[in-house]
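1. structure for the following, please:
(one chain, ligands or ions: 3)
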Amino acid sequence: MCGIVGIVGKYPVNQSIYDGLTVLQHRGQDAAGIVTESGGRMFLRKANGMVRDVFRQEHMERLQGNIGIGHCRYPTAGSPSSAEAQPLYVNSPYGIVLAHNGNLTNSEQLKRELFETDRRHINTRSDSEVLLNVLAHELQVENTLKLTPANVFNAVARVHKRCKGAYAVVALITGFGLLAFRDPNGIRPAVFGQRETDKGIEYMVASESVALDVLGYTRVRDIHPGEAIYITHDGEFHHQQCATNPVYTPCIFEHVYLARPDSIMDDVSVYKARLRMGEKLAAQIQRDWPDHDIDVVIPIPDTSTTAAMQLANELGLKLRHGFVKNRYIGRTFIMPAQQMRKKSVRSKLNAIDLEFAGKNVLLVDDSIVRGTTSQQIIQMARDAGATKVYFASAAPPVRYPNVYGIDMPAASELVAHGRSEQEICAEIGADKLIYQSLDDLIDCAREGNPHISEFDTSVFNGHYVTGDVDEQYLQALENQRSDSAKSGGKSSSMNDAALIDLQNAD
Ligand SMILES: O=P(O)(O)OC[C@H]1O[C@H](OP(=O)(O)OP(=O)(O)O)[C@H](O)[C@@H]1O
Ligand SMILES: NC(=O)CC[C@H](N)C(=O)O
Ligand SMILES: [Mg+2]
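-> Ligands and ions are numbered 1, 2, ... in the order given. Below you'll find the predicted structure:
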């Protein structure tokens, strides 16, 4: 996932976009960028790094204007090179910049079409550059110098016909306005809100409602799957359903791990969904292991804390913060290389021995993906003197790759792939392993919004809601993006670093 932000304001937006990106930092730690527009010109700053490192005073001063978009990136296609940091820019038929959260599943085919038919050049391996050029081409087809909301929505309707996969998008069209849309399955989130000023209403779009809260915007609603909203420079608000067959199938992993608990996503409180995950796990333990001998419940910070707290409450057990997190180290799961992820767990988490010594502990995490965290944490609990180390996961076993904007491209890297629960338990070194069932997890999320027809649960059951993902695609993805492929010469980011960065981002 990545974080996206867009604002059509009445006052300069640079600081608000910066603040919005900071709040969405948990969605992408590798690169960040902002584009603003003033007087018909765009101003850009983007680079690799966390938001606080990318923007210095001099950059902020240059980002002029009352309209702009921002992005923080967690790469799932191409390379981590700064040339692929977003927003990305094209200069025809208008100046257009775009920020994308998600991942296209047909970008290779689209890239060919763009070259052979639409006569457009793609300079990077980023699927987002492909998406931007498809949008630009479809706007060009409208062939007008006076872009109307109808023109914009027609173009988005054709983007939906051509692009497959997951995309939540904000785009800025110079001289016209801000466009935001979500793929027809609504896989990745996007929400919008507004705030009153003495000069009129300001609008903001973001990946998560927490960014609206922090900036004093009132959440209006989520953008619907397939819907586009378009806000002109003057602050006129337009919206339209642009997909012929939209279905509401958002990614359930947002509720498990990706989103902040204080966000409301697709009308579901992420916090409440995680509380329910704790409740259901507790019910399962009471049902299947009534004579358990757990002394204490210990969460693995940060994300599992909400579920662990409720689990302990329901079981009438003590919850103890036996692991302390170094707050200056980011999320380990979204780091780009396994070596880095492995090393970071130990420097990020430290055990307080007295919470473990001589006790049977139940460690709780939100999910077990590669097993990097659980393996090391269980060993740390043993080193701290625990008698028995039990482990519970608030999500079911992650057995299949993700193709919609989470960088889990290779089944072989997942600790649960091809292993029974007993084998996983042995692999991570626990005395007992308890997994949430998929039905229970779905209930936890759906309880917040019964209108959601289905969730994308592909990482748990291999069912891909866009219907275009087959074995051949998954094999190609693994060949391209597995850890070993990424560290190997051919597809390493070395070459990408030398790409002409077509924009002067300094
Ligand atoms: O099995 P793994 O491959 O280790 O992945 C799963 C772990 O990674 C995440 O934590 P992360 O450190 O990214 O972030 P958090 O502080 O939000 O929990 C997640 O919460 C699990 O703890
Ligand atoms: N995680 C994401 O949403 C990534 C967006 C886009 N696919 C990229 O790699 O830059
Ligand atoms: Mg974690």
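2. name whatever forms a beta bridge with residue 268.
-> With DSSP bridges applied, residue 268 shows beta-bridge pairing to residue 265.
3. what's the domain layout of the chain?
-> Annotated domains of the chain cover 3-247, 271-325+344-450 [the TED database].
4. what about the residue in the stretch 401-506 of the chain that ligand 1 sits nearest to, how many neighbours?
-> Across the stretch 401-506 of the chain, no residue is closer to ligand 1 than residue 415, which sits at 6.6 Å (Cβ to the nearest ligand atom). In this view, the C-beta of every residue, glycine as well, is placed from N, C-alpha and C. Residues lying near residue 415 (other Cβ atoms under 10 Å) number 20.
5. so it makes contact with residue 430?
-> No. With contacts counted by Cβ atoms under 8 Å, residue 415 stays clear of residue 430, the gap being 11.6 Å.
6. write out the residues of this protein neighbouring ligand 1.
-> 257, 300-303, 331-334, 365-374 (Cβ under 6 Å from any ligand atom).
7. only whichever of those are buried, select them in ChimeraX.
-> A single ChimeraX command is used to select the members of the residues of the chain next to ligand 1 judged buried by 16 or more other Cβ atoms under 10 Å:
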select :257,300,301,303,331,332,333,334,365,366,367,368,369,370,371,372,373,374
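8. close to ligand 2: what parts of this structure are there?
-> Counting by Cβ under 6 Å from any ligand atom, the residues of the chain close to ligand 2 are 1-2, 73-78, 84, 100-103, 126-128, 405.
9. which of those residues fall in helices?
-> Using DSSP state H, the subset of the residues of the chain next to ligand 2 located in helices is 127-128.
10. and residue 476, which of the domains of the chain is closest to it?
-> When those are compared by Cβ to Cβ, domain 3-247 sits nearest residue 476, at 8.5 Å.
11. the closest one - what's its average pLDDT?
-> In this model, domain 3-247 has an average pLDDT of 97.
12. what segments of the stretch 51-200 of the chain are strands?
-> 67-73, 88-90, 96-104, 165-173, 177-182, 191-197, 200-206 (DSSP state E, counting those that start in this stretch).
13. could I get those as a markdown table with mean neighbour count?
-> Putting the strands of the stretch 51-200 of the chain into a markdown table (neighbours: other Cβ atoms under 10 Å) gives the following:
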| stretch | mean neighbour count |
| --- | --- |
| strand 67-73 | 31 |
| strand 88-90 | 23 |
| strand 96-104 | 28 |
| strand 165-173 | 27 |
| strand 177-182 | 27 |
| strand 191-197 | 18 |
| strand 200-206 | 23 |
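14. turn these into TSV, including distance to residue 480.
-> Output for the strands of the stretch 51-200 of the chain, formatted as TSV (distance: least, Cβ to Cβ, whole Å):
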stretch	distance to residue 480
strand 67-73	18
strand 88-90	20
strand 96-104	12
strand 165-173	15
strand 177-182	26
strand 191-197	32
strand 200-206	30
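15. going along the chain, name the helices of the stretch 251-400 of the chain.
-> With DSSP state H, counting those that start in this stretch as the criterion, the stretch 251-400 of the chain has helices at 253, 270-288, 305-315, 338-348, 372-383.
16. quick one: stretch 250-268 to chain centroid distance?
-> 10 Å (Cα atoms, centre = their mean, to the nearest Å).
17. for it, measure first residue to last.
-> The first and last residues of stretch 250-268 sit 11 Å apart, counting by Cα to Cα, to the nearest Å.
18. ditto for stretch 7-22
-> Using Cα to Cα, the end-to-end distance of stretch 7-22 comes out at 15 Å.
19. contacts for that stretch?
-> With contacts defined as Cβ atoms under 8 Å, 6 or more residues apart in numbering, stretch 7-22 is touched by 3, 5, 32, 34, 36, 51-52, 55, 60, 63-72, 177-178, 197, 199-200, 202-206, 211, 214-215, 231-233, 235.
20. stretch 441-451 now?
-> By Cβ under 8 Å, 6+ apart, the surrounding residues in contact with stretch 441-451 are 248, 252, 255-256, 266-269, 272-274, 276-277, 280, 394-396, 452, 455, 457, 460.
21. can I get the CA coordinates of it in PDB?
-> Below are the C-alpha coordinates for stretch 441-451, written out as PDB (Å, rounded to 0.1, in the frame of the first residue of the first chain):
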ATOM      1  CA  LEU A 441     -12.100 -12.600  10.200                       C
ATOM      2  CA  ILE A 442     -14.600 -11.700   7.500                       C
ATOM      3  CA  ASP A 443     -17.300 -11.400  10.200                       C
ATOM      4  CA  CYS A 444     -15.100  -9.000  12.200                       C
ATOM      5  CA  ALA A 445     -14.700  -6.600   9.300                       C
ATOM      6  CA  ARG A 446     -18.200  -7.000   7.800                       C
ATOM      7  CA  GLU A 447     -20.000  -6.400  11.000                       C
ATOM      8  CA  GLY A 448     -19.100  -2.700  10.500                       C
ATOM      9  CA  ASN A 449     -20.700  -2.500   7.100                       C
ATOM     10  CA  PRO A 450     -23.100  -5.200   5.900                       C
ATOM     11  CA  HIS A 451     -23.200  -3.600   2.400                       C
END
